[in-house]
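**Student:** no sequence on hand, only this structure:
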């Protein structure tokens, strides 16, 4: 027997491993099997409609632009998917292969082929087939189409795997879990951006803008492979070959980058496990960030710093805040760009962030007992609630000012800023007041080791508190809204600036009254609050 006998190929082993892990995963529960089958059926139906749509576009003058842009957008999705769904394909996690004696080149080939097994690659294959079928006319274009389809699929898969491997340590860390929690936000923002672009395109007189964008995207991989088929169909084989080159080069570069990342992952130690050098002396002030050093001393500074740390470090708190900030800015600006846009939409920003005041103690979870130990009098409870309000004000007021000024810049409603600020700050004060009441009277737990944002059995409390606040905030601002309407109807526009001081004063009084009212109740309800938030 020869000592130099060729080693068996890794590719069929990894394909069988992928199929076995998928099959065994489906056997764990009937619900998981039903979800997989349902997803497969839905994806196949969508793929069928996509291919049918491309075939109906065949011969239309915009078919090439649509095919190129669709493939480009879908490739972008493949690029960002591993950053927000790090656990989407645990069967191919390269960190699980560190202890195996595998060479980089065979490993890359095996992982690439195994990555082609799944619902995502199947849908991508259907998309690529439909895209080239809509633009392939003539023998040259058909030959290029046969090359373009697998090239698009391989570039998308290699792009996703290379990015995932290069960031595998980040994606398995706390920051990676933060990004996964924010994936829904990114998807929502993307949908809104696509919706806004579609509306702008619908208002356009022609589709020349599509051709302009497609002419640029057509040189970017893997959309350039589809653009090559378009050029071949137009009778320009030189440009077709030139457009095919970026996709081929991109595939080679991605495979090289993937191989390099695998080698580094296999041989380099994880920096997070390397202890600090012995004898290193740290400045005690280094433990506090720059923002924390600007906070006041005493209890107020400690409470505010704790809340800011929750916002920055706790995944669910961070996701909630980032979602509120993004949606609070997105809705006013998108509406400002519409023909009927108004600067009054800036009030939505203060209301959206004001919701974050609800369930203040839920983020503490079972650690709320340490907060409870510092509260012995109504004054202590008042200070605890007041300092949490300070955090809300420190974030919401500058954010509302920026959103209002930005919408005024877009709409030109500079003269309306005083009354807008007055209404926005009054609404903020109302939301803070209702949030103080809800936090003390209706606290609920936020599970730390679950994707759920509310502990089982407390969903009704959470929904009632939040929706009650969203309805109660505008109701508490009814006097100012009535005053605004009266000044507008009675043509007293010169007095509208009075809404600014009135709104600030009214919002501050509402918040102060809620703090005074609930301080004593919070002291008496400390055991109930701890029991409610400790269920997470």
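**Tutor:** Done, it's in. A quick note: this is a predicted structure, and the numbers were derived from the prediction, not measured.

**Student:** list the buried ones in the longest helix seen in the chain?
**Tutor:** Assignment by DSSP state H gives helix 378-411 as the longest helix of the chain. Residues of helix 378-411 classed as buried: 378, 381-393, 395-397, 399-401, 403-404, 406-408, 411 (neighbour count, 16 or more other C-beta atoms under 10 Å). To be clear about C-beta, it is placed using only N, CA and C from the backbone, and glycine gets the same treatment.

**Student:** and if you look at stretch 243-260?
**Tutor:** Per 16+ other C-beta under 10 Å, stretch 243-260 contains these buried residues: 243, 244, 246, 247, 248, 250, 251, 254, 255, 257, 258, 259.

**Student:** dump the residues you listed to CSV, plus pLDDT.
**Tutor:** What follows is these, written out as CSV (pLDDT from 0 to 100):
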residue, pLDDT
243, 92
244, 92
246, 92
247, 93
248, 94
250, 94
251, 93
254, 92
255, 92
257, 89
258, 87
259, 88
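
**Student:** now the residues you listed as CSV including distance to residue 481 and secondary structure?
**Tutor:** Output for these, formatted as CSV (distance: C-beta to C-beta, whole Å; DSSP: H, G, I helix; E, B strand; the rest coil):
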residue, distance to residue 481, secondary structure
243, 58, helix
244, 61, helix
246, 57, helix
247, 57, helix
248, 62, helix
250, 56, helix
251, 59, helix
254, 56, helix
255, 61, helix
257, 57, helix
258, 58, helix
259, 63, helix
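
**Student:** a markdown table please, covering the residues you listed and showing distance to residue 144.
**Tutor:** As requested, these are exported to a markdown table (distance: C-beta to C-beta, whole Å):
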| residue | distance to residue 144 |
| --- | --- |
| 243 | 9 |
| 244 | 7 |
| 246 | 14 |
| 247 | 11 |
| 248 | 12 |
| 250 | 17 |
| 251 | 16 |
| 254 | 21 |
| 255 | 22 |
| 257 | 26 |
| 258 | 26 |
| 259 | 28 |
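
**Student:** that older thread, and the longest helix of the chain, how far from the chain's centre?
**Tutor:** Here helix 378-411 is found 23 Å from its chain centre; the criterion is C-alpha atoms, centre = their mean, to the nearest Å.

**Student:** let me see the mean pLDDT of stretch 309-318.
**Tutor:** For stretch 309-318, mean pLDDT rounds to 80.

**Student:** next, the buried residues of that stretch.
**Tutor:** 310, 311, 314, 315, 316, 317, 318.

**Student:** cool, and stretch 10-23?
**Tutor:** For stretch 10-23, by 16+ other C-beta under 10 Å, it's 10, 11, 14, 15, 18.

**Student:** OK, contacts around residue 466?
**Tutor:** Each residue near residue 466 by C-beta atoms under 8 Å, 6 or more residues apart in numbering is listed here: 355, 358.

**Student:** where in the chain is the helix or strand with the lowest mean pLDDT?
**Tutor:** helix 174-181 (a mean of 55; mean pLDDT, DSSP states H and E).

**Student:** tell me which of the buried residues of stretch 309-318 fall in helices.
**Tutor:** 310, 311, 315, 316, 317, 318.

**Student:** returning to what we had before: which one of the buried residues of stretch 309-318 is nearest residue 152?
**Tutor:** residue 315 (34.8 Å; C-beta to C-beta).

**Student:** and that closest one, how close does it get to residue 321?
**Tutor:** Using C-beta to C-beta, to the nearest Å, residue 315 is found at 11 Å from residue 321.

**Student:** so where's the chain uncertain?
**Tutor:** The chain contains residues with pLDDT under 70 at 1-8, 28-29, 31-32, 82-96, 98, 168-209, 268-292, 338-341, 448-459, 536.

**Student:** got the domain ranges for it?
**Tutor:** What automatic domain parsing lists as the domains of the chain is 10-268, 295-533.

**Student:** and the helices in the stretch 401-536 of the chain?
**Tutor:** Counting by DSSP state H, counting those that start in this stretch, the stretch 401-536 of the chain has helices at residues 417-441, 459-476, 478-489, 499-524, 526-533.

**Student:** give the contact list for the spatially closest residue to residue 401 that is not a sequence neighbour.
**Tutor:** Leaving aside its sequence neighbours, residue 401 sits nearest to residue 421 (C-beta to C-beta, 6 or more residues apart in numbering; 7.5 Å). Contacts for residue 421 (C-beta under 8 Å, 6+ apart) come out as 400, 401, 404, 500, 503, 504.

**Student:** not counting sequence-adjacent ones, nearest residue to residue 426?
**Tutor:** residue 503 (3.9 Å).

**Student:** wait, isn't the one you found in contact with residue 428?
**Tutor:** No: using C-beta atoms under 8 Å, residue 503 makes no contact with residue 428, being 9.1 Å away.

**Student:** and the strands in the protein?
**Tutor:** With DSSP state E, there are no strands along the chain.

**Student:** for stretch 255-270, the distance to its chain's centre please.
**Tutor:** Using C-alpha atoms, centre = their mean, the offset of stretch 255-270 from its chain centre is 28 Å.

**Student:** coming back round to it: what angle separates the longest helix of the chain from helix 417-441?
**Tutor:** Interaxial angle, helix 378-411 versus helix 417-441 (axes from the mean of the first three to the mean of the last three C-alpha atoms, to 10 degrees): 140 degrees.
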